[in-house]
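> only geometry, no sequence info:
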Ligand SMILES: Nc1ncnc2c1ncn2[C@@H]1O[C@H](COP(=O)(O)OP(=O)(O)OP(=O)(O)O)[C@@H](O)[C@H]1O
């Protein structure tokens with residue numbers, strides 16, 4: 001397949017005459033490209049700009065007599081980029097699921113008050129397919145393993161039976177009775193409308209203890225936090241538990257919570273034997289099946305695959321059951337191949353294109369670490385909103401809308417995370433920059449675009465990220481930004497029945513022609529007459545210059561950018577073995593990548609040896625003892641999902657960890 005992508009190569013249309021350079025094994029060339037950076041001149045902000053005499057062999061685009069024009073010398077954004085390979089992606093038939101069923105909630109045997117709450121408070125009338133299939137099974141008292149695509153209404157699929165069964169109990173539930181239902185969820189974001197009691201990291205344990213003492217009948221918790229309370233609080237009694245729900249089981253396992261779930265199962269089993277168990281997941285991985293094995297008793301398997309999705313090949317049937325993914329039909333997926341030097345400009349242009357020049361757009365951009373989110377949030381806030389010192393509203397071109405940036409990651413305080421979550425949820429527009437903390441379980445309405453600025457390390461993560469849009473039948477789109485050397489990832493996605501269509505970098509950058517904020521400014525009569533692609537290139541260069549000026553405005557900013565770059569490289573070094581041929585740290589050109597952090601030079605003091613080591617010594621995440629020596633710094637993989645009680649044995653859970661080999665299981 002690699003050969004396929006490399007078979008036909010086309011030169012990046014906006015690249016220069018300069019011969020394309022193959023960029024391999026160049027991470028060590030730390031001082032590379034210094035010369036071109038030295039000649040970089042800041043041309044932005046009117047007075048600071050400099051013009052230069054005509055250049056003989058300028059890159060030619062269009063039919064202008066460019067060599068006669070004065071030229072703003074900036075970093076060579078469009079030169080010496082690697083070739084962009086022609087994408088020959090394998091077109092696969094994606095698994096489809098029908099979101100809604102024609103049946104109404106009234107057809108279920110539910111308490112009239114519950115039905116009227118669903119209809120009038122939640123304003124829902126028809127059931128979704130997963131609700132239609134799961135609710136009757138759970139009302140019958142069966143255990144169930146439920147697999148259904150993201151945003152298909154899995155939460156209500158178990159909440160309705162839980163509430164129906166608890167209200168039907170003959171002896172009325174007292175608050176002091178303690179938990180009747182236990183719901184395990186992977187993250188500590190606000191996640192559900194029915195929250196009689198939540199335990200999650202980031203809150204004071206003391207206040208949780210007090211609430212537990214008073215009693216919580218439906219207890220929703222992250223596994224780590226619940227284990228903390230089981231071990232230290234001794235305030236939870238499970239003797240009345242009738243429901244144990246493991247929501248987003250795949251994510252819980254990905255985060256390395258399998259051991260905690262086992263501890264919880266042990267604790268609950270010790271006090272109560274008879275209860276219903278439900279496992280819900282958007283993906284059915286081996287780990288989920290294993291967890292189902294130890295936690296469910298004679299379960300009904302519910303999978304909402306569209307019947308029209310015919311699978312002539314029995315092997316395909318098996319593959320859809322295991323480790324393959326259904327994607328909402330109303331979700332369009334795109335990929336763009338972008339040379340590293342142009343990454344930042346491409347992302348910014350895409351944000352401008354969608355959120356400044358199109359109405360009612362709400363976007364989530366995924367980054368691989370907290371540092372990257374913080375860095376880009378700050379950078380965009382100071383450059384894209386108000387890059388020339390004038391308030392954004394005064395610089396807005398006509399037919400554009402004000403940009404609003406928010407960020408969400410695990411290094412933020414819980415209150416701040418909650419408030420950002422609410423702000424973005426209730427806003428009709430805006431750009432949320434985040435880590436994978438927001439990739440699962442979060443129900444953020446009306447998100448129109450998901451951008452993955454770096455590829456996720458597992459296809460399941462890809463599915464969950466894009467699953468933040470096109471929820472419950474709405475339309476949504478996603479864009480994956482890849483470097484040319486990462487083109488093969490598209491085929492890796494195809495092997496999991498994920499189809500992405502290519503869009504061209506030029507198409508994204510074209511928006512800059514509309515945005516006069518990034519018009520080249522020149523003194524007096526020296527005007528740029530560039531049109532079309534040449535003008536777009538000039539404006540892209542101005543935009544890059546704006547970024548570089550901001551980053552180089554203080555030593556503090558420079559070191560911040562370097563830290564972000566370091567974080568990027570270290571996160572890059574953690575791709576799993578099977579993706580190493582696509583994402584290898586040695587295929588990064590440090591000078592080019594530095595540019596995507598607004599750095600004019602490739603930093604010398606980046607600790608290349610650490611980066612090299614990271615690239616060769618990636619530990620097997622399944623081996624706990626090795627985790628200590630993992631070269632990825634704590635801050636890169638700072639857990640978004642920790643209990644918040646680090647030091648209580650919950651430290652060290654990391655994003656993207658693989659499931660530890662299953663311990664001797666607990667069977668009921
Ligand atoms: N029957 C229904 N009619 C209309 N909207 C519904 C219905 N059921 C659920 N929803 C809404 O659909 C959205 C997605 O539901 P939910 O978060 O439960 O999906 P999910 O399958 O758990 O997604 P994920 O796997 O991404 O966590 C929510 O806003 C929810 O309120």
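Great, that's in hand. Treat the numbers as computed from the prediction; the structure is a model and nothing was measured.

> does residue 332 belong to a helix or a strand, and which?
strand 331-337 (DSSP states H and E).

> what's the burial count for the residue lying closest to residue 417 once chain neighbours are set aside?
Computed as C-beta to C-beta, 6 or more residues apart in numbering, the closest residue to residue 417 that is not its neighbour in sequence is residue 408, at 6.0 Å. Backbone N, C-alpha and C define where each C-beta goes, glycine included. Look at residue 408: counted by other C-beta atoms under 10 Å, it has 25 neighbours.

> My read is that residue 408 contacts residue 420, right?
Yes - taking C-beta atoms under 8 Å as the definition, residue 408 is a contact partner of residue 420 at 5.1 Å.

> Determine the residues that are contacts of both of the two.
Residues touching both residue 408 and residue 420 by C-beta atoms under 8 Å, 6 or more residues apart in numbering: residue 432.

> Output the longest helix belonging to this protein.
helix 532-551 (DSSP state H).

> Who are the packing partners of that one?
For helix 532-551, the packing partners by 3 or more C-beta pairs under 8 Å, 6 or more residues apart in numbering; DSSP states H and E come out as helix 343-351, helix 370-383, helix 505-509, helix 555-572.

> would you list the ones you listed in CSV and tack on distance to residue 482 and mean neighbour count?
Converted to CSV, the helices and strands packed on helix 532-551 look like this (distance: least, C-beta to C-beta, whole Å; neighbours: other C-beta atoms under 10 Å):
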stretch, distance to residue 482, mean neighbour count
helix 343-351, 10, 24
helix 370-383, 16, 22
helix 505-509, 11, 20
helix 555-572, 12, 20
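
> Am I right that residue 145 sits in a helix?
No - counting by DSSP: H, G, I helix; E, B strand; the rest coil, residue 145 falls outside a helix, being strand.

> Do I have it right that it meets residue 297?
No - assessed by C-beta under 8 Å, residue 145 is found out of contact with residue 297, at 11.2 Å.

> the more surrounded of the two?
residue 145 (24 against 12).

> State the next helix or strand along the chain beyond the strand or helix carrying residue 279.
Here residue 279, judged by DSSP H and E, is contained in strand 276-281. Of the helices and strands lying after strand 276-281 in sequence (DSSP H and E), the nearest is helix 286-295.

> does that next one come close to the ligand?
No - for a cut-off given as C-beta under 6 Å from any ligand atom, helix 286-295 has no contacts with the ligand; the smallest distance is 12.8 Å.

> which helices and strands sit right next to the very next helix or strand once past that helix?
For helix 286-295, the following helix or strand on the C-terminal side (DSSP H and E) is strand 300-303. In terms of contacts (3+ C-beta pairs under 8 Å, 6+ apart), strand 300-303 is packed against helix 129-139, strand 144-147.

> wait, does strand 300-303 contact the ligand?
No - judged by C-beta under 6 Å from any ligand atom, strand 300-303 makes no contact with the ligand; its nearest approach is 12.3 Å.

> List the buried residues of that strand.
Using 16 or more other C-beta atoms under 10 Å as the test for burial, strand 300-303 gives 300, 302, 303.

> Within the sheet, what are the partner strands of it, with directions?
strand 144-147 (parallel) (DSSP bridges).

> Help me see whether the helix or strand following the strand it pairs with makes contact with the ligand, please.
For strand 144-147, the succeeding helix or strand toward the C-terminus, using DSSP H and E, is helix 154-167. Yes - residues of helix 154-167 contacting the ligand under C-beta under 6 Å from any ligand atom: 154, 155, 156.

> what packs against helix 154-167?
Checking 3+ C-beta pairs under 8 Å, 6+ apart, helix 154-167 ends up next to helix 112-116, helix 129-139, strand 144-147, strand 181-184, strand 243-246, strand 276-281.

> and of these, who's closest to the ligand?
helix 129-139 (5.8 Å; C-beta to the nearest ligand atom).

> can you list contacts of the strand holding residue 332?
84-85, 87, 327, 346, 466, 469-470, 475-484, 486-487, 490, 498-505, 508.

> ok, so what distance separates the closest residue to the ligand within the stretch 251-400 of the chain from residue 275?
Closest approach between the stretch 251-400 of the chain and the ligand, counting by C-beta to the nearest ligand atom: residue 282, at 4.3 Å. Note on residue 282: its distance to residue 275, by C-beta to C-beta, to the nearest Å, is 24 Å.

> the more surrounded of these two?
Neighbours were counted for residue 282 and for residue 275 using other C-beta under 10 Å; residue 282 has more, 25 against 19.

> and the more buried one, what is it in contact with?
Residue 282 neighbours (C-beta under 8 Å, 6+ apart): 147-150, 154, 248, 250, 325, 440, 460, 463-464, 467.

> near the ligand, which residues of the stretch 101-250 of the chain?
Residues of the stretch 101-250 of the chain lying near the ligand (C-beta under 6 Å from any ligand atom): 124, 126-128, 131, 148, 150-156.

> Which one of these sits in the busiest neighbourhood?
Busiest of these [other C-beta under 10 Å] is residue 131, holding 29 neighbours.

> For the ligand, what's the nearest residue on the stretch 451-600 of the chain?
residue 472 (3.7 Å).

> hang on, that residue packs against residue 153?
Yes - in this structure, residue 472 is within contact of residue 153 by C-beta under 8 Å, at 6.4 Å.

> Overlap of the contact sets of those two?
Counting by C-beta under 8 Å, 6+ apart, the residues touching both residue 472 and residue 153 are 99, 128.

> For residue 469, what are phi and psi?
Taking degrees, to the nearest 10, you get phi -120, psi 180 for the backbone angles of residue 469.

> Which residues are in contact with the closest residue to it other than its chain neighbours?
Spatial nearest neighbour of residue 469, excluding adjacent residues (C-beta to C-beta, 6+ apart): residue 476 at 2.9 Å. Residues counted as contacts of residue 476 (C-beta under 8 Å, 6+ apart) are 328, 330, 331, 332, 447, 448, 449, 450, 466, 469, 470.
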